[in-house]
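Student: got a structure for you, letters missing:
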């Protein structure tokens, strides 16, 4: 996964036109249409989209045709449209991949709002202004069209309907995604967010959308959903089986990266609100719900490990030695797992201290469980193995609550979450600053290329 984002946390959202105000004719919206061998559909799509924007969109706009290494007449059609229509440009890439095309164009656009839609225009264009309005106003960071909203009207076959809903169930169950429709080709993002988020997105194909949304949601960015009217394109060239396979691989890769804390999502954090008083709210626990979930998962796995070790040790030694040995081994594993997964501490800094403090917590747990075993032995003399396990489970539940409180307040307290010697929390906050990557050449309307030195030279033409 890419982690070389060069900025600190995002500032508070503001109304884009308060700073842009259509200055120097720069477009407020850049709509990208990624295409591959679409010589038939490209011209009707761009003409219809351009007409709709000219009639309904109140600000300057641009339409960018991003050609993904087409081998038919698509590049020629794109260049002709760029020559004849104001506010249209073409961009040629020599490699395939919708995600690659969007990342390339979005990374170098000068418009404050970036959007994309599929060339078949399956989505009703009347949803475009509601899609981008929350981004212009500063209310949201990203916006997506949803075909699965209750008020959406969708016409498509049973097969595609089943695949779409099954895919969203997979995202909800495996990545805890809460957005309703990851695959609808109708999305928008603020440029300041895209500059931070795009370097973290690894996929260059169809999974690009999902990865972008999952990382944005995990970082706490606001995703606005717009119900859309959508009619399936029966001539779609998407290979469903291959795309589904690549998507599942992407789900596994992103899930693993999130589980081990490999992404610096803290660089995407927003202040609580626009009021400066909201940016330093005290007394509010940070990440408590997420930490509770992580702690419970780690605790459940640790308990299974502990019970397995206890049963193994019990074959050769008495209950007290078995309990102590099982607790000791599982305590090291529990502290290490909670350090990384629950409290987000990475790196070796402070690891020895954390394990030492974890041993103190372990000693408290040992006292509780050993005391419970001693009390059981005194009460019943020779209890069965099943009774011992039941008592140990109850004692461990009590010790677990105390363990979480001690971990949060003593072993991994709030003061460590800013990146002190206790370890790196969330992505090398004190690491070196990297310069943004150089911009590739942009294609003029006549098909030639320029090397933009700054945003002024990068603008290809006014939108109106």
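Tutor: That came through fine. All of these numbers come straight from a predicted model, not from anything done at the bench.
Student: residue 341 touches residue 256, doesn't it?
Tutor: No - here residue 341 does not reach residue 256: they are 11.7 Å apart, not a contact under C-beta atoms under 8 Å. All C-beta atoms are positioned from the backbone trio N, CA, C, and that covers glycine.
Student: so the two - more neighbours on which side?
Tutor: residue 341 (18 against 11; other C-beta atoms under 10 Å).
Student: pLDDT score for residue 363?
Tutor: We note a pLDDT of 85 for residue 363 in this prediction.
Student: the helices in the stretch 351-464 of the chain, which residues?
Tutor: With DSSP state H, counting those that start in this stretch, the ranges of helices along the stretch 351-464 of the chain come out as 351-380, 385-406, 455-458.
Student: what strand or helix carries residue 255?
Tutor: If you go by DSSP states H and E, residue 255 is part of helix 240-259.
Student: which strands or helices does that helix pack on?
Tutor: helix 158-175, helix 208-218 (3 or more C-beta pairs under 8 Å, 6 or more residues apart in numbering; DSSP states H and E).
Student: which one of the ones you listed lies nearest to residue 244?
Tutor: Across the helices and strands packed on helix 240-259, residue 244 has its closest neighbour in helix 158-175 (6.9 Å, C-beta to C-beta).
Student: how far off helix 208-218 does the helix or strand following that closest one point, in degrees?
Tutor: Counting by DSSP H and E, the next helix or strand C-terminal to helix 158-175 is strand 186-190. Angle, strand 186-190 to helix 208-218, by axes from the mean of the first three to the mean of the last three C-alpha atoms, to 10 degrees: 50 degrees.
Student: packing partners of the next helix or strand after strand 186-190?
Tutor: The C-terminal neighbour of strand 186-190 among helices and strands, as given by DSSP H and E, is helix 191-197. For helix 191-197, the elements it packs on are helix 98-107, strand 113-117, helix 208-218, judged by 3+ C-beta pairs under 8 Å, 6+ apart.
Student: returning to that earlier point: quick check: mean pLDDT of the helix or strand following the helix holding residue 255?
Tutor: Moving toward the C-terminus from helix 240-259, the next helix or strand (DSSP H and E) is helix 288-313. Averaging pLDDT along helix 288-313 gives 85.
Student: list the buried residues in helix 288-313.
Tutor: 291, 294-295, 298-299, 302-303, 306-307, 309-310, 313 (16 or more other C-beta atoms under 10 Å).
Student: just stretch 119-138 next, same as before
Tutor: In stretch 119-138, counting by 16+ other C-beta under 10 Å, buried: 119-123, 125, 127-129, 131-136, 138.
Student: and for stretch 81-100?
Tutor: Neighbour-count burial for stretch 81-100, counted by 16+ other C-beta under 10 Å, picks out 81-82, 85, 87-93, 97-100.
Student: out of the residues you listed, flag the one nearest to residue 181.
Tutor: Once C-beta to C-beta is applied, the member of the buried residues of stretch 81-100 that ends up nearest residue 181 is residue 98, at 16.4 Å.
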